[in-house]
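1. Build me a structure from this.
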Amino acid sequence: MAVQAAHVASKCAESQENGGHLDLSECQLCQVPDAVFHLMRNTPLTTCNLSGNLLSKIPPKFALKFCLITELNLSHNKMSKLPEELVDCMELERLDLSHNSFVNLPSVIFRLPKIKAIYANNNYIMDLEVEEVERAKTLEEFDIRENPLTPKSHSGLSQVTKLRVKITPREMEEWEDLTV
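-> From the prediction side, this is the model:
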């Protein structure tokens, strides 16, 4: 535990020297340590990489303390929800939620004022409000590949034209094939 704490502290120190790019990937974190908020209190964070950990959530204060980040990588964790406070990340442009445990995408991600790219591939998302995706005015790229989307969601996303939607080609389920 002490080794992990020292590792996180050194990563925070690196971030202070490299212009606010915090990389806490592969640190075996189960939660975002309070020490991170304390150590980074005087450093404006621009990017944050929390990928490859054991996170199931990020605390609401994350968005309040790091509201100027432009990129947030939460991939390869165990996340299934996000705090509503994430909408306070006014500068967030790229959000990577890939390889997590999302069953539904939190609507807060589509309300981010400057969001350009959302990566939600390799989750467990079945149903999606296509209208929410279309209402995200600044969204340019939405990767939803390798999710068990319902036929309705898949069809709706296939018809979106105002942004680049990456979607896995739909294969008909055996029960849908009435010729058998």
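
2. Could you list the low-pLDDT ranges of the protein?
-> 1, 172-180 (pLDDT under 70).

3. could you pull out the helices for it?
-> Assigned by DSSP state H, the chain shows helices spanning 2-17, 34-39, 60-65, 130-135, 151-158.

4. which of those helices sits most buried?
-> Greatest average neighbour count among the helices of the chain goes to helix 60-65 (a mean of 18), per mean count of other C-beta atoms under 10 Å. All C-beta spots, glycine's among them, are computed from the backbone N, C-alpha and C.

5. neighbouring contacts of that one?
-> For helix 60-65, contacts defined as C-beta atoms under 8 Å, 6 or more residues apart in numbering pick out Val32, Phe37, Met40, Arg41, Pro83, Glu84, Glu85, Leu86, Val87, Asp88, Cys89.

6. Kindly report the same for stretch 19-32.
-> For stretch 19-32, contacts defined as C-beta under 8 Å, 6+ apart pick out 4, 7-8, 11-12, 14-15, 36, 40, 43-59, 62, 73.

7. check contacts around the residue nearest in space to the middle of the chain.
-> With distances taken as C-alpha atoms, centre = their mean, Leu97 lies nearest the centre of the chain, 3.0 Å away. With contact taken as C-beta under 8 Å, 6+ apart, Leu97 is in contact with Leu74, Ser75, Met79, Leu82, Leu105, Ile109, Ile118, Tyr119, Ala120, Asn123.
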